[in-house]
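Asker: Let me see the structure of the following:
(2 chains)
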Amino acid sequence: MKFTEKSIGPNLIEIITSGLYDGNQNCLREYVQNSIDSHATNIDICFENGYENLIIKDDGSGMSKKELMESLNIGISHKTEEDTGWRGIGIWSGVPACKRIVVITKKKNDKKYRIEINNDKIRDGIGDKEPLLEILSSATGDPKEMPFGADDSFENDHFTIVRLESILKTQKDVFKDKTIRDYLVKFVPAPFDNNNFSFAGEIDKWLKEKGVKFPTVNINFGDEREPIFRPPHRDDIFINKITKQEFKVGGKLVAVGWALTSIENQQLEGPNKGIFFKKKGYTIGNENLVRNLYDKTYHFWQYGEIHIISEAVRENAARNNFEYNSGVVGPFFDEVGKFIGSLQGVNRVKVNKNLEKKINSVKGHLEKRDVKSAKKALDKLKDNVCQKINVPDDPIIQDILPMIDAKFETDKKVISELEEEVKKEPEKPDMIKIRKEQLNNIIDLLPPDVRKKCNRTTMEGKLYPEISVTDSIKDILKDKTGLAFNEVYALSKAAYGWDNISKIKTSSPILCIDKNKTERNLRLGVMIYTIHDIFVNLAKHEEGKESFKWFENATLEEKYELAAGMYAIIGLIYRLIEKSENCQP
Amino acid sequence: MKILLVEPDYYTRYPPLGLMKLASYHRSQGNQIKLVRGTNNDINFTPDKIEITSLFTYAWKPVHKAIEFYHLLFPNAKINVGGIYASLMPDDIKSAYSYVNVNIGLCEVAEQYMPAYDILKDVEKWKDWDSSIIFTSRGCIRDCPFCAVPKLEGKMRSVITDVENYVHCEHKKIILWDNNFLASPDWKEVLKNLQEMGLKIDFNQGLDARLINEEKAKMLSGLKIPLVRMAYDNVDEKNAIKNAVNLLAEYGINRRNILFYILYNFYDDGQAYGDTPDDFLSKIRDIQELGCVSYPMRFEPLISKKKNHYISPSWTVEKLEAIAKARRVLGFGGAFPPYEGLVNKFKKAKDFDDAFSLYPVKNQT
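Answerer: From the prediction side, this is the model:
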């Protein structure tokens, strides 16, 4: 069958661009690849004009006019499999993300060229079902020679700049600082952060010895050119032992992997979790690709990398999985599954031997001088220590076991120290009981009307005076001023926030506590409104809730103590209002 | 290449949109850019090219000053001057500065770009700017003799409909600079998109009252428009204006939030006809009767080099000054809102002089 222009539909572009990737930020990997394949040593990625444009700039060899035109070919590439972006999709991958793709490039001793792809035209063309070649031709301008400025050098300058201009509104959730940084960290061949990851040297050396090819390129992100490092970004969460594994199929080395196991028993978080397949430094798939090769319950207890060495293990075009057709991938995956099984086994042993969390809980109780709870927790801990643990005869587990056991021994020592400490600590009096009594004593001193309202509630209810007794203030305010509650409320609102005090200054206070002392009247009046408002509206104001966080989070003992103070204030206010004169004209 | 973008130091309430679009255009060309306002010595940047904008013709002085200043500072840089003054009076610049290139009208290549709002952060006056300025259309269907739009922009055409892609991520307000938005062939699609976004909108150049119908009033009422601006240029438009206000009010727009620009002091030499002070008073009365705000707009010829200089044959200096004074004393922010006292004063006045005369208030009650 003879193909004509008409037998290729415009949907091909969609298949190539958005259809190929899970998310549109994947185009970044294509651009990073192109940069690395052009032997860049530095790649700078940043947003411009807020999140409007995304710029990828490299110091690679750049392109001649001919090469720039060839870079627009689809599915044809002059790169070999040695390079990474060999399927020739490169430049077009940004089409679904933005309005325009601009490439500006320059080789040493060559002119500077610019090409622009108008993605809106492609989208419109697809919508109008125009022939593919027509769409591409109308959407893509010819390479244009760009003028030089005084600072530009014909001889020395070499670079390629890819500009994704006017990122579409629909893409804005993905094209943000954090998502782009997270993406780069996870998927591009960045180096380790030697300052924060002390295992870096040993891992790099081992990977190199085993023949893993990894590009050496600095990738920087943002206006501050913050370097991108691949995870893990810290080492203090891992047991001090790198598990290394060679994966062989039919006696031939296919891949090498390494993993670090977490100290804690809980799952790892953020960029520091998961085991990833890597090829030439690029991540294939995500943490779930490896996870799915293990058919039992999986926990994110490790960080690790499995670097593919063999050419027989080929990734698919979307790079989210491998092609199974070589006969190598199946057995290789079985090996990986076994490796993951062993690693998960390490943690199953560790769960029973790592007592740190429980020790911390004992320490916490002791800090709060809660000897009773500390004793309880300690008894449980001792049970854990005596428990019999079966350790499988797996070389990976056996390899890491000494580290776990060493920690187990130190933990045991800590436990016996804690036991001594608990013994020394006297049990202290029941403070809650004491505070309850103090609270009841204060309630007894309150004016009868208020007291009546208090005593209608349970002891638990007494913790919330703002609910149980402020009604009595409301009532007496009404009696004294003749104002409806909403009027009092308005005054209260005006006074709430001491900066608004001047608003009341203009007229005489509504309650006169002492006829001869206006200033005092004023201050006490404001205090009454303010305190009343705090009590009445405590639960209503979002901001109020926020500022009362310390109050909400107080211990029970503290809560009784605070409630006692609140009752004392309510009592004082009630009396002030009761004894005041109404000085309204 | 390095490009310096210069906004001369004239009075304005809006940042230089043209320069911001040029900034995006130049960035797209791979050039480095920098924006400055006024004459600024503190530029650690040697430009290959300088682009200077301009605004109203009467604000020509700061433009000339900028040209001279930057030519002296960077004698090797090419200088381009564009904007309204440059487009209306190119020879005024060319004859004074032979080394300057004047760009007339719109810079079409830069039109499609999202303005580079980020560069405003470098300019003290604009560092807190928080609105996206958008033209969804250019030109106008009308050819009013007092207006520069037909000369600058020509015939009406729609430029964009996907407004959402032209709103900067940090902005919460949209300012449309369309000259006659409702006459745009794509007004409906744009209104729909604006409604979906739910941001505050200012139809800054005013809506054409003559084009408001039931459908448009309904759609406009669904937007967050704090102030609806329209114009009352000619007394003939009275019925159209009444109809527009009543429709908008019917759909829930507060009459007090409708403002009319009232043209005065205009004289069309070709037709040998111009508005009179009595026309002005009756226009103000009409607007007040409708419960809306009037904002007087004094006509100035398109190529005037001095503000508030022109006096139409139908007006006198005294009468023009009376309006200026009344705006300061009786008005609010230069406008005449429908305050009861003010409405009565204008209503009861025997003539223009009586309406705009200021006498001491005897009795406050």
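Asker: Tell me where the stretch 1-150 of chain B has helices.
Answerer: Listed in chain order, the helices found in the stretch 1-150 of chain B under DSSP state H, counting those that start in this stretch are B:17-28, B:60-73, B:84-88, B:90-94, B:108-111, B:149-153.
Asker: Tell me which of those sits nearest to chain A.
Answerer: The minimum distance between chain A and the helices of the stretch 1-150 of chain B falls on helix B:17-28, with 5.4 Å, by CB to the nearest CB. To be clear about C-beta, it is placed using only N, CA and C from the backbone, and glycine gets the same treatment.
Asker: what sits up against that closest one?
Answerer: Helix B:17-28 is contacted from outside by A:48-49, A:53, A:100, A:102, A:116, A:163, A:165, B:1, B:3, B:5-7, B:33, B:35, B:51, B:53, B:82-83, B:107, B:109-111, B:113-117, B:119-120, B:133, B:177, using CB atoms under 8 Å, 6 or more residues apart in numbering or on different chains.
Asker: okay but residue B:356 is in contact with residue B:321, surely?
Answerer: No - under the criterion of CB atoms under 8 Å, residue B:356 is not in contact with residue B:321, lying 9.4 Å apart.
Asker: Which one's more surrounded, those two?
Answerer: residue B:356 (25 against 12; other CB atoms under 10 Å in any protein chain shown).
Asker: For residue B:333, see how far away the more buried one is.
Answerer: Applying CB to CB, to the nearest Å, the value for residue B:356 to residue B:333 is 18 Å.
Asker: mind saving the C-alpha coords of stretch B:260-272 as CSV?
Answerer: Presented in CSV, the C-alpha positions along stretch B:260-272 are these (Å, rounded to 0.1, in the frame of the first residue of the first chain):
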residue,chain,number,x,y,z
PHE,B,260,-20.6,58.1,32.1
TYR,B,261,-17.7,60.0,30.5
ILE,B,262,-19.3,63.3,29.4
LEU,B,263,-17.5,64.9,26.5
TYR,B,264,-17.4,68.7,26.4
ASN,B,265,-15.5,71.5,24.6
PHE,B,266,-15.4,69.6,21.3
TYR,B,267,-15.7,71.4,18.0
ASP,B,268,-15.7,69.6,14.6
ASP,B,269,-14.2,72.0,12.1
GLY,B,270,-15.4,70.0,9.1
GLN,B,271,-19.0,70.0,10.2
ALA,B,272,-18.6,73.5,11.8
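Asker: how about it: buried residues?
Answerer: B:260, B:261, B:262, B:263, B:264, B:265, B:266, B:267 (16 or more other CB atoms under 10 Å in any protein chain shown).
Asker: got it, and stretch A:247-258?
Answerer: Within stretch A:247-258, the residues that count as buried by 16+ other CB under 10 Å are A:247, A:249, A:254, A:255, A:256, A:257, A:258.
Asker: Using the three-state scheme, assign the fourth one.
Answerer: What that stands for is residue A:255. At residue A:255 the chain is in strand, as set by DSSP: H, G, I helix; E, B strand; the rest coil.
Asker: What sits closest to it if chain neighbours are left out?
Answerer: Counting by CB to CB, 6 or more residues apart in numbering or on different chains, residue A:255 lies nearest to residue A:247, which is 4.3 Å off, once chain neighbours are set aside.
Asker: Now that neighbour: which helix or strand?
Answerer: strand A:243-249 (DSSP states H and E).
Asker: how near is the residue of chain A found nearest chain B to residue B:113?
Answerer: For chain A and chain B, the shortest gap (CB to the nearest CB) falls at residue A:149, measuring 3.5 Å. Distance, residue A:149 to residue B:113, using CB to CB: 20 Å.
Asker: Looking at those two, which is more packed in?
Answerer: Comparing residue A:149 with residue B:113 by other CB under 10 Å, the one with more neighbours is residue B:113, at 24 against 16.
Asker: For residue A:222, grab the count of nearby residues.
Answerer: 14.
Asker: Pull the contacting residues for residue A:31.
Answerer: Neighbouring residues of residue A:31 by CB under 8 Å, 6+ apart: A:56, A:90, A:93, A:94, A:162.
Asker: Let me know the secondary structure of the third one.
Answerer: This means residue A:93. Quick answer, by three-state DSSP: residue A:93 is helix.
Asker: So which of the buried residues of stretch B:260-272 reach chain A?
Answerer: Near chain A, judged by CB under 8 Å from any CB of the partner chain, there are no entries from the buried residues of stretch B:260-272.
Asker: between the residues you listed, which is closest to chain A?
Answerer: Of these, the one sitting nearest to chain A (CB to the nearest CB) turns out to be residue B:261, at 32.8 Å.
Asker: give me every residue that touches the spatially closest residue to residue B:284 that is not a sequence neighbour.
Answerer: Residue nearest to residue B:284 in three dimensions, not counting chain neighbours: residue B:294, with 5.1 Å by CB to CB, 6+ apart. Residue B:294 makes contacts with B:232, B:259, B:260, B:262, B:283, B:284, B:287, B:288, B:335, B:336, as judged by CB under 8 Å, 6+ apart.
Asker: Residue A:378 too?
Answerer: Counted by CB under 8 Å, 6+ apart, residue A:378 has contacts A:362, A:415, A:418, A:419, A:422.
Asker: Could you do residue B:349 as well?
Answerer: Neighbour list for residue B:349: B:281, B:355 [criterion: CB under 8 Å, 6+ apart].
Asker: ok, it to residue A:349 distance?
Answerer: Residue B:349 is 98 Å from residue A:349, by CB to CB.
Asker: And for residue B:280?
Answerer: Taking CB to CB, one finds residue B:280 at 93 Å from residue A:349.
Asker: Between the two, tell me which one has more neighbours.
Answerer: residue B:280 (24 against 19).
Asker: Can you give me the neighbour number for residue 259?
Answerer: Looking at chain A here, since you left the chain open. 24.
Asker: Switch to chain B, please.
Answerer: Close neighbours of residue B:259, defined as other CB under 10 Å, add up to 19.
Asker: Can you tell me which residues in chain B are near chain A?
Answerer: Applying CB under 8 Å from any CB, one finds that chain B approaches chain A through B:1-2, B:24, B:27-31, B:46, B:48, B:76, B:113-114, B:116-118, B:162, B:164-165, B:167-170.
Asker: Can you say which of the residues you listed are buried?
Answerer: B:1-2, B:24, B:27-31, B:48, B:113-114, B:116-118, B:164-165, B:167-169.
Asker: near chain B, which residues of chain A show up?
Answerer: A:48-53, A:99-100, A:102, A:104, A:112, A:114, A:116, A:146-152, A:161, A:163, A:165-166, A:168-169, A:172.
Asker: Which of the residues you listed fall within strands?
Answerer: The members of those that map onto strands under DSSP state E are A:48, A:53, A:99-100, A:102, A:104, A:112, A:114, A:116, A:146, A:161, A:163, A:165-166.
Asker: which stretches of the stretch 251-365 of chain B form helices?
Answerer: Along the stretch 251-365 of chain B, counting by DSSP H, counting those that start in this stretch, helices occupy B:277-289, B:317-329, B:340-348, B:352-356.
Asker: quick one: average confidence on the first one?
Answerer: Meaning helix B:277-289. What helix B:277-289 shows for mean pLDDT is 95.
Asker: And the buried residues of stretch B:260-272, which is closest to residue A:341?
Answerer: Of all these, residue A:341 sits closest to residue B:261, with 77.8 Å by CB to CB.
Asker: The closest one bridge partners, please.
Answerer: residue B:231, residue B:295 (DSSP bridges).
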